[in-house]
Each structure stands twice: as C-alpha cells, then as structure tokens.
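J.: Fold the following for me, if possible:
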Amino acid sequence: MSYLFTADTHFDHANIMKYSKRPFTNVDEMNRNIVAEWNRVTASGDTVFHLGDFAFGTPNDVKRFRDQLNGDIILVEGNHDKTYQWGPDIRRLFKCISRLDSVMINGIHIVMCHYGMRVWDRSHFDTWHLYGHSHGMLLPIGKSWDVGVDVNKFTPLTETDIFGIMNDRPHNENYIEERDRR
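T.: The predicted structure follows:
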C-alpha cells in the first residue's frame, strides 16, 4: 500500500480548462486524461489523499468518476465539493471526508488542506503542508507544496515524489532549531 496526493481534478468542469489553461480540447478529453494518469500511478490498495475540488455536477456524476478511479480516496473538501448535497451513498464512496487532515509517513507529519496556509500544525518543527486550490498561482513556502493536477502533470504524486520534493525545500519560515526547542 502506498500513499498518493492530488487536488483540483475538477472532473466535468469545462471552465477550469480556460481558468487554469489546461491543454485539452474539451472536458471529455480532460476527464479521460486525468483518470488515465490517476490509474497509471495508483493501485487498488493505495490510499489517495484528494485535497479538494473533486468533480462538478450531480451526485451521480461524482459517483461516475469515483467508480473509474483506483485506490481508496480520502477527500479533504474543497470549495467546490458539495458533500452536504451528495447523500450518504455517495459520501460512502470515500474512505473519509474532512476539511483538514494529517498523516504520519516515515516519521514526517504532513498536514493537508485544500487551501495553502502560511503556518500549520507543528510547522515550527518543519512538518510538511500539502494543499491545492491555487492551480499553481500560490508559490510554496518552506516545506509546503501544491499537489494540484495543474502543477503536477495531471498526475497524483506518490509519497516518494513528495519526499523528493521536500528534500529540496528550505525550512519553514517559522522553523525553530532543535537545540532551541526547550
């Protein structure tokens, strides 16, 4: 089992192609490409943290896309996710739905939200923050990264990808050296 991270798939949202300058000729091509990239890197036993803005349309549209995707999905709600309208049958298609989440991987605490934050839980200890929403328009600070599809070749990032990215990132702006943490 592996962890993967993504955001802002915006399945069935035609206008996102214009707003984010996505290189697709129509919404069906965009949907097919994102599903194919997702399934290329995600196995059935994997857990994908989707950091918001999953799909547009009706609850049945949400189900249609969820049914096409490999792995278990933990959805961290975005501003376009109308989960209160989905009903329990659709919400159950996701392993968990929350507004903020965190996970510990290889001793690293990772805080996830749809929105990019300046500080987050334990950021002064150099914990990591993953976010979406900004479609590449919000530059990362310290140990933060936009996992949205527009920034990452329309493909979920693996935990190995995230560790590679974070190894090259500077300390968080509010980082406290270990010797000074008394």
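
J.: biggest helix in the protein by residues?
T.: helix 27-41 (DSSP state H).

J.: where in this protein is pLDDT low?
T.: The model of the chain has no residue with pLDDT under 70.

J.: where do the helices sit along it?
T.: Using DSSP H, the helices of the chain run over 15-19, 27-41, 59-68, 83-86, 88-91, 159-167.

J.: Could you export the ones you listed as a markdown table, including distance to residue 8?
T.: C-beta coordinates here come from the backbone N, C-alpha and C atoms, glycine included. A markdown table is the format used below for the helices of the chain (distance: least, C-beta to C-beta, whole Å):
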| stretch | distance to residue 8 |
| --- | --- |
| helix 15-19 | 8 |
| helix 27-41 | 10 |
| helix 59-68 | 13 |
| helix 83-86 | 16 |
| helix 88-91 | 19 |
| helix 159-167 | 16 |
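
J.: Could you name the stretch from those helices that's closest to residue 111?
T.: helix 159-167 (12.6 Å; C-beta to C-beta).

J.: between the closest one and helix 27-41, how many degrees?
T.: The directions of helix 159-167 and helix 27-41 differ by 90 degrees, with axes from the mean of the first three to the mean of the last three C-alpha atoms, to 10 degrees as the criterion.

J.: And helix 159-167, what does it pack against?
T.: Helices and strands touching helix 159-167, by 3 or more C-beta pairs under 8 Å, 6 or more residues apart in numbering; DSSP states H and E, are strand 3-6, strand 108-113, strand 128-131, strand 144-146.

J.: Could you name the stretch from these that's closest to residue 86?
T.: Of the helices and strands packed on helix 159-167, nearest to residue 86 by C-beta to C-beta is strand 3-6, at 19.3 Å.

J.: and for the closest one, what are the contacting residues?
T.: Strand 3-6 is touched from outside by 38, 41-42, 46-51, 71, 103, 105, 112, 130, 132, 147-149, 152, 155-159, 162, with contacts defined as C-beta atoms under 8 Å, 6 or more residues apart in numbering.

J.: before we move on, the earlier item: how about the CA coordinates for the longest helix of the chain, as PDB?
T.: Taking Å, rounded to 0.1, in the frame of the first residue of the first chain, the C-alpha atoms of helix 27-41 are listed here in PDB:
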ATOM      1  CA  VAL A  27     -13.900  18.400 -21.000                       C
ATOM      2  CA  ASP A  28     -14.200  14.700 -22.000                       C
ATOM      3  CA  GLU A  29     -10.500  14.700 -23.100                       C
ATOM      4  CA  MET A  30      -9.600  16.300 -19.800                       C
ATOM      5  CA  ASN A  31     -11.600  13.800 -17.800                       C
ATOM      6  CA  ARG A  32     -10.100  10.800 -19.700                       C
ATOM      7  CA  ASN A  33      -6.600  12.100 -19.300                       C
ATOM      8  CA  ILE A  34      -6.900  12.700 -15.500                       C
ATOM      9  CA  VAL A  35      -8.500   9.300 -15.000                       C
ATOM     10  CA  ALA A  36      -5.800   7.600 -17.000                       C
ATOM     11  CA  GLU A  37      -2.900   9.400 -15.200                       C
ATOM     12  CA  TRP A  38      -4.500   8.600 -11.800                       C
ATOM     13  CA  ASN A  39      -4.900   4.900 -12.600                       C
ATOM     14  CA  ARG A  40      -1.400   4.700 -14.100                       C
ATOM     15  CA  VAL A  41       0.200   5.500 -10.800                       C
END
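
J.: Right, I'll call it a day here.
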